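Student: Based on what follows, work out the 3D shape:
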Amino acid sequence: MNFVNFLFVYIIVLIIWTFYKRYFSSSEFQVKNKHVLITGGSSGLGFSFAKLCVKNGANVTIVSRSQEKLDVAVKQLRGFSTKKDSQKIESFACDVTCVSEVEQLFCSLIVPVDIIVLCAGASKPGFFHQQSPVLFKDQVELNYLGSVYAATYCFQKMLRDGVCGAKFIFISSACGLLSFPGYSQYAATKFALRGFCDAFRGELLLFQYTSHIFFASSIDSPGFAEEQKLKPELTKKIEGTCVLQTSDQAAASLWTGISRGHYQITSDFAVELLRISNNSTNPRNNFLLELLLLPFACIMQHLSPAQGVAKCERRHKQFTGHMTLYSAKPSSLRLGLVIYSTSS
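Tutor: Sure thing, here's the model as predicted:
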């Protein structure tokens, strides 16, 4: 059998296998009558996922720091209720960066938690030399430790309550798969969360619990609007003109990935290619398809930073090549190009 025939047979087998995986081996994510707790559930992706849970008959508790935002969100969620008399939709004001508040949250919950969605987080982009160590500490506490604290006390409560088939859903970011100038503070926390989830997943299997991690792309949300105010121009140029997803679209992608039993979940093709090339020893979503796409993933991984730098170089030729980091007031653009020109 020559290579062309082999490739043809491989693609036919791939199509059949993918069709089987999508329509026969996956089942709808079941949340009816289950208790779903969502941190960061008052807005953005957390709120959109809460809507899906409510529409599918779940009892939902949303958590956020602002009681005012929670009250508005709960009122809106009740409008999507399928069982207005019996379906419980509640809220709890809690700062997930405070261990004592997180512990109090799970001590106060009477009803067992079946599913927890760890969505609280924020990005404060900027260049390393222009930000204080305090901001890095705050980012670690919110984006990483906030999820760890909530997972810790929720896990303990699940075991005390004898919950069967519990599920942990962690919200990471595409910055948990790659990083570039402007995201040193944020990407570090998302890489840390990914490492935690990979280890935690194996431990959960001992209790017949499951977990998922969602590498979300850029979402059109209040958080993203605040992020844009802080983001350096170089970071925006490297990112390019990405198409923003709505929070509802991102929540639907997450829901689909959970239904298919995927551990690592993405919401667009570019991030999926990054996931394929950064899979480590984690279970693959579709081995045959990923084997075919892996060369393309490696090519994209190799070229994407160079494309971003080339775009900057074309627009700002005067800054390329021989810049120094020791000028009195280095501009954001200078620093970014020096980083990449010295590493190329």
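Student: ok, Ser217 touching Thr266?
Tutor: Yes: Ser217 is in contact with Thr266 according to C-beta atoms under 8 Å; the separation is 7.5 Å. Placement of C-beta: from N, CA and C, glycine included.
Student: Touching both of these two, which residues are there?
Tutor: Ala174 (C-beta atoms under 8 Å, 6 or more residues apart in numbering).
Student: the more surrounded of these two?
Tutor: Thr266 (24 against 20; other C-beta atoms under 10 Å).
Student: Using just helix, strand and coil, how would you label the closest residue to that one other than its chain neighbours?
Tutor: Nearest non-adjacent residue to Thr266, counting by C-beta to C-beta, 6 or more residues apart in numbering: Glu272, 4.5 Å away. Using DSSP: H, G, I helix; E, B strand; the rest coil, the secondary structure recorded for Glu272 is helix.
Student: Any stretches of the protein with poor pLDDT?
Tutor: For the chain, applying pLDDT under 70 flags the ranges 1-27, 241-242, 279-281, 285-290, 292-294, 296-344.
Student: quick one, helices of it?
Tutor: 3-23, 44-55, 67-78, 99-108, 133-139, 146-161, 184-205, 222-230, 233-239, 247-259, 269-277, 287-315, 332-343 (DSSP state H).
Student: buried ones in the fourth one?
Tutor: Spelled out, it's helix 99-108. Residues of helix 99-108 classed as buried: 99, 101-102, 105-106 (neighbour count, 16 or more other C-beta atoms under 10 Å).
Student: and it, what does it pack onto?
Tutor: helix 146-161 (3 or more C-beta pairs under 8 Å, 6 or more residues apart in numbering; DSSP states H and E).
Student: from the middle of its chain, how far away would the helix it packs on be?
Tutor: Relative to its chain's centre, helix 146-161 lies at 19 Å (C-alpha atoms, centre = their mean, to the nearest Å).
Student: Report the contact partners of Phe224.
Tutor: Phe224 neighbours (C-beta under 8 Å, 6+ apart): 218, 244.
Student: how far away is it from Glu239?
Tutor: 12 Å (C-beta to C-beta, to the nearest Å).
Student: and for these two, which residues touch both?
Tutor: The contact lists of Phe224 and Glu239 share Ser218, where a contact means C-beta under 8 Å, 6+ apart.
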